[in-house]
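Chemist: No sequence on hand, only this structure:
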């Protein structure tokens, strides 16, 4: 029997890796077990954080305007959204001993901003010390994907945002960063290839959680 306790699960990966789809699948499978859980996302997840998300994304949808956010402005906005998210949703829900599933968290900031764009990691780590305190994921699923397959998936999306429009080289660099981060902590991270649209991936993820919960 599952003993109720707070668990923080994150999904990480590049655009087109299927992380949003698989995080939803896991959430639905947990609900079937009648285990109290929530599904959220970053940037966003709360009313105030979603406002910041819209500001970030809006900056990239004006092709005639040459001035864009500096990479540090961009990063600070993400961290501001995370602070709102942690304060108003993640921490309160974990306090209620719920399972919190989050589509992206701190690893996306490191992979995209540090490895992808060259932002100083010390800045991010220092801010995280203040806004996260004891909040850290218990389980992280890193979904990898063949880059060409990811690009094909992105082309089929009806609604695109700025992160669906990076180069193949950029996605490759970011994916390697996710894998590097995961390999440094194999107990908490699970790297899963999601290139083939296999229903088996959903089962693998759910089984790893069940094993973790010791149900």
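Modeler: Perfect, I can see it now. Computed from a prediction, not measured in an experiment: that's the story for all the values here. Numbers count the residues shown, from 1 in each chain.
Chemist: list the contacts for residue 182?
Modeler: The contact partners of residue 182, by CB atoms under 8 Å, 6 or more residues apart in numbering, come to 12, 140, 142, 189-191. Backbone N, C-alpha and C define where each C-beta goes, glycine included.
Chemist: Just the ones in helices from these, please.
Modeler: Nothing among the contacts of residue 182 maps onto helices, per DSSP state H.
Chemist: Let's see if you can find the most crowded of those residues.
Modeler: For the contacts of residue 182, the largest number of neighbours (other CB atoms under 10 Å) sits with residue 12, at 28 neighbours.
Chemist: where's residue 77, which helix or strand?
Modeler: helix 71-85 (DSSP states H and E).
Chemist: my bad, should have said residue 211
Modeler: helix 200-213.
Chemist: now residue 154: how far from residue 167?
Modeler: 12 Å (CB to CB, to the nearest Å).
Chemist: ok, these two, which is more surrounded?
Modeler: More neighbours surround residue 154 than the other of residue 154 and residue 167, with 17 against 9 (other CB under 10 Å).
Chemist: Could you verify that that one is part of a strand?
Modeler: No. Counting by DSSP: H, G, I helix; E, B strand; the rest coil, one finds residue 154 to be helix, located in no strand.
Chemist: Any figure for the gap between it and residue 11?
Modeler: 17 Å.
Chemist: Residue 74 too?
Modeler: 22 Å.
Chemist: So between these two, which is more surrounded?
Modeler: residue 11 (29 against 18).
Chemist: Name all residues that make contact with the more buried one.
Modeler: 19-20, 22-23, 101-104, 140-141, 143.
Chemist: In strands, which of those residues fall?
Modeler: 101-103, 140-141, 143 (DSSP state E).
Chemist: Who are the packing partners of the helix or strand of the chain with the lowest mean pLDDT?
Modeler: Lowest by mean pLDDT, DSSP states H and E among the helices and strands of the chain is helix 147-155, with a mean of 84. Helix 147-155 sits against helix 168-183, with contacts defined as 3 or more CB pairs under 8 Å, 6 or more residues apart in numbering; DSSP states H and E.
Chemist: For residue 173, see how far away the residue nearest the centre of the chain is.
Modeler: Central residue of the chain (CA atoms, centre = their mean): residue 104, 1.0 Å from the mean position. Distance, residue 104 to residue 173, by CB to CB: 17 Å.
Chemist: Also residue 39?
Modeler: Distance from residue 39 to residue 173, by CB to CB: 28 Å.
Chemist: next one: residue 186
Modeler: Distance of residue 186 to residue 173, given as CB to CB: 22 Å.
Chemist: Could you do residue 107 as well?
Modeler: Taking CB to CB, one finds residue 107 at 14 Å from residue 173.
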